[in-house]
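Engineer: Quick one, structure for this:
(one chain, ligands or ions: 1)
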Amino acid sequence: MPSPVSVVCVGMAGSGKTTFMQRINSYLHEKKNVPYVVNLDPAVHSVPFESNIDIRDSINYKEVMKQYNLGPNGGILTSLNLFATKVDQIISLLEKRTSPNPENPSAKPIEHILVDTPGQIEVFVWSASGSILLETMATSFPTVIAYVIDTPRASSTSTFMSNMLYACSILYKTKLPMILVFNKTDVRDAEFAKEWMTDFDAFQQALRQEEDSGAFGAEGGAGGFGAGSGYMGSLLNSMSLMLEEFYRHLSVVGVSSMTGDGVEEFFEAVETKRQEFERDYKPELERKKKEREEQTASQRELELGKLMKDMSVSGSSRQPPRKPAEEPETVSEAEDEEDEIIKRGLADGEDSDYEDYVGPNAGDDEGLSQRYQAALSGSQSAPTDQDNSFTRYLRASNMQK
Ligand SMILES: Nc1nc2c(ncn2[C@@H]2O[C@H](COP(=O)(O)OP(=O)(O)OP(=O)(O)O)[C@@H](O)[C@H]2O)c(=O)[nH]1
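Structural biologist: Prediction:
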């Protein structure tokens, strides 16, 4: 059985993300292939579908704004940051729900995880918490980005190009397979967009038509805009050439979230991208994960080494005490000496007791080092009481749904 795929919907405010989520959710319900729905938008008033995990259940966005004295975007960002601290519990919950249930083997395991994100796209895509959530998700499940575009509003060459550049930057940032969803096809068919992405001449022709109609300003005008020779025209031209390579890595579908047109095609694209993820992205992600783990392990080793060194400096008798004959010659030397005296706990400057002190020997160092190793590795994996209570909370809220 193929592994469950996670579909993360991103898109500019008003592109129809939520309506699209509602549509694909109801499509899967119709197919008796019930998805697992995650809402990551803390500021949304009401969602027209049921979420299994909802950021709003654990984070009160309005309260976050008030407590941290933040504006709307800062509030969303901080809410996401708070939520991201519990990403491990969320992933283990998702893993549990997507694997076969031993108590009910006939129950169909979840095949799709649908994730809705905040309308302020940059708050999610360019924030550390957004990256953490996406990366962690991608290390557990094949993850696909569905970038929703408002087709009627992308029908001029310049807005189309702005949208493509935005999509390109998201692809570059997330490094995940992407599907371009041209939404609202009941208002404007997406054929023009597909054509512009595959046929450079068609895009050039549309560009020329817009220039001729004066869309970028009159010929010989202040900006020098004009037929064929204008700044905007040549910029759009070279950008569309540059984006050719980017287009090749995308799946493009036209959808109407209103009528449901194109939804089947969308899920075909999801399947193609899931396979692509397994083939191309997963090995790269695993290589990076291994690299990070190795880095963390060597960093931990380094910290441990430093810790052991510090302990032997402050606690052992390896450092010979300064001879009383050596008088300090400068103020800083005098201060250093005073520090030394405080360290030894000999306020009167006599160091006879200090000579008697026996620091930890090499065998003890080793034992201590092992104990620290154990403690450090333990602190990485053992869930705290707080973690457990959050998991219980998530489970409870999930059961109610
Ligand atoms: N005609 C038409 N309108 C649509 C379609 N999808 C969404 N809309 C409309 O577009 C508007 C915005 O839709 P939303 O789903 O709220 O968009 P959103 O991207 O979630 O918006 P934010 O919550 O601000 O991020 C609403 O008025 C929808 O009714 C569609 O396929 N066709």
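
Engineer: Apart from its neighbours in sequence, what residue is nearest residue 175?
Structural biologist: Nearest non-adjacent residue to residue 175, counting by CB to CB, 6 or more residues apart in numbering: residue 281, 7.4 Å away. For every residue, glycine as well, the C-beta is placed using N, CA and C.

Engineer: ok, the one you found - contacts?
Structural biologist: By CB atoms under 8 Å, 6 or more residues apart in numbering, the contact list for residue 281 reads 138, 142, 175, 176, 177.

Engineer: which of the residues you listed tops the neighbour count?
Structural biologist: residue 177 (25 neighbours; other CB atoms under 10 Å).

Engineer: Is it in contact with residue 145, as I believe?
Structural biologist: Yes - the criterion here is CB atoms under 8 Å, and residue 177 meets it with residue 145 at 7.1 Å.

Engineer: how close does the residue nearest to residue 175 get to the ligand?
Structural biologist: Going from residue 281 to the ligand by CB to the nearest ligand atom, to the nearest Å gives 26 Å.

Engineer: Could you count how many residues lie near the residue of the stretch 101-250 of the chain found nearest the ligand?
Structural biologist: Closest residue of the stretch 101-250 of the chain to the ligand, CB to the nearest ligand atom: residue 119 (2.5 Å). Burial measure for residue 119: 19 neighbouring residues, criterion other CB under 10 Å.

Engineer: Show me where the stretch 201-350 of the chain has its strands.
Structural biologist: Here the stretch 201-350 of the chain has its strands, by DSSP state E, counting those that start in this stretch, at 251-254.

Engineer: interface residues of it facing the ligand?
Structural biologist: Within the stretch 201-350 of the chain, the positions lying close to the ligand (CB under 6 Å from any ligand atom) are 256, 257, 258.

Engineer: which one in the contacts of residue 281 is the model shakiest on?
Structural biologist: Lowest pLDDT of the contacts of residue 281: residue 175, 87.

Engineer: Can you check the pLDDT for residue 347?
Structural biologist: On the pLDDT scale, residue 347 gets 40.

Engineer: Please enumerate residues in contact with the helix or strand residue 193 falls within?
Structural biologist: Taking DSSP states H and E as the definition, one finds residue 193 inside helix 191-198. Contact with helix 191-198 is made by 149, 151, 154-155, 157, 160, 164, 182, 202-203, 206, 240, 247, 250, 252, 254, as judged by CB under 8 Å, 6+ apart.

Engineer: So which of these belong to helices?
Structural biologist: 157, 160, 164, 202, 203, 206, 240, 247 (DSSP state H).

Engineer: And the residue nearest the centre of the chain?
Structural biologist: Centroid-nearest residue in the chain: residue 131, 1.7 Å away (criterion: CA atoms, centre = their mean).

Engineer: Relative to residue 170, how far out is it?
Structural biologist: The gap separating residue 131 from residue 170 is 12 Å, by CB to CB, to the nearest Å.

Engineer: What separation do you get for residue 203 and residue 75?
Structural biologist: Applying CB to CB, the value for residue 203 to residue 75 is 40 Å.

Engineer: How far away from the center of its chain is the helix holding residue 193?
Structural biologist: Relative to its parent chain, helix 191-198 has a centroid offset of 30 Å by CA atoms, centre = their mean, to the nearest Å.

Engineer: elements contacting the helix or strand containing residue 88?
Structural biologist: According to DSSP H and E, residue 88 maps onto helix 87-98. Here helix 87-98 touches strand 36-39, helix 128-140, helix 385-400, going by 3 or more CB pairs under 8 Å, 6 or more residues apart in numbering; DSSP states H and E.

Engineer: Can you flag the weakest of the ones you listed by average pLDDT?
Structural biologist: Looking at the helices and strands packed on helix 87-98, the lowest mean pLDDT belongs to helix 385-400 (a mean of 50).

Engineer: Run the angle between the longest helix along the chain and helix 128-140 for me.
Structural biologist: Counting by DSSP H, the longest helix found in the chain is helix 282-315. Interaxial angle, helix 282-315 versus helix 128-140 (axes from the mean of the first three to the mean of the last three CA atoms, to 10 degrees): 120 degrees.

Engineer: what is the rounded mean pLDDT of helix 282-315?
Structural biologist: If you average the pLDDT over helix 282-315, you get 78.

Engineer: so how many other residues sit close to residue 58?
Structural biologist: A count of nearby residues for residue 58, using other CB under 10 Å, gives 17.

Engineer: got a pLDDT number for residue 266?
Structural biologist: Per-residue pLDDT puts residue 266 at 97.

Engineer: typo on my end, it should be residue 123
Structural biologist: 85.

Engineer: what does the one 4 residues further on give?
Structural biologist: Residue 127 is assigned a pLDDT of 87 by the prediction.

Engineer: one step back: got the CA coordinates for the helix holding residue 88 in CSV?
Structural biologist: Below are the C-alpha coordinates for helix 87-98, written out as CSV (Å, rounded to 0.1, in the frame of the first residue of the first chain):
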residue,chain,number,x,y,z
VAL,A,87,5.6,19.3,16.2
ASP,A,88,6.9,15.9,17.4
GLN,A,89,3.6,15.1,19.1
ILE,A,90,1.6,16.2,16.1
ILE,A,91,3.7,14.0,13.8
SER,A,92,3.4,10.9,16.1
LEU,A,93,-0.3,11.5,16.2
LEU,A,94,-0.4,11.6,12.4
GLU,A,95,1.8,8.5,12.1
LYS,A,96,-0.6,6.7,14.4
ARG,A,97,-3.7,7.7,12.4
THR,A,98,-2.1,6.8,9.1
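
Engineer: Buried residues of it, list them for me.
Structural biologist: Using 16 or more other CB atoms under 10 Å as the test for burial, helix 87-98 gives 89, 90, 91, 93, 94, 97, 98.

Engineer: do the same with stretch 25-36
Structural biologist: Going by neighbour count (16+ other CB under 10 Å), the buried part of stretch 25-36 is 25, 27, 28, 35, 36.

Engineer: of all those residues, which comes closest to residue 289?
Structural biologist: Ranked by distance to residue 289 (CB to CB), the buried residues of stretch 25-36 are led by residue 36 at 23.3 Å.
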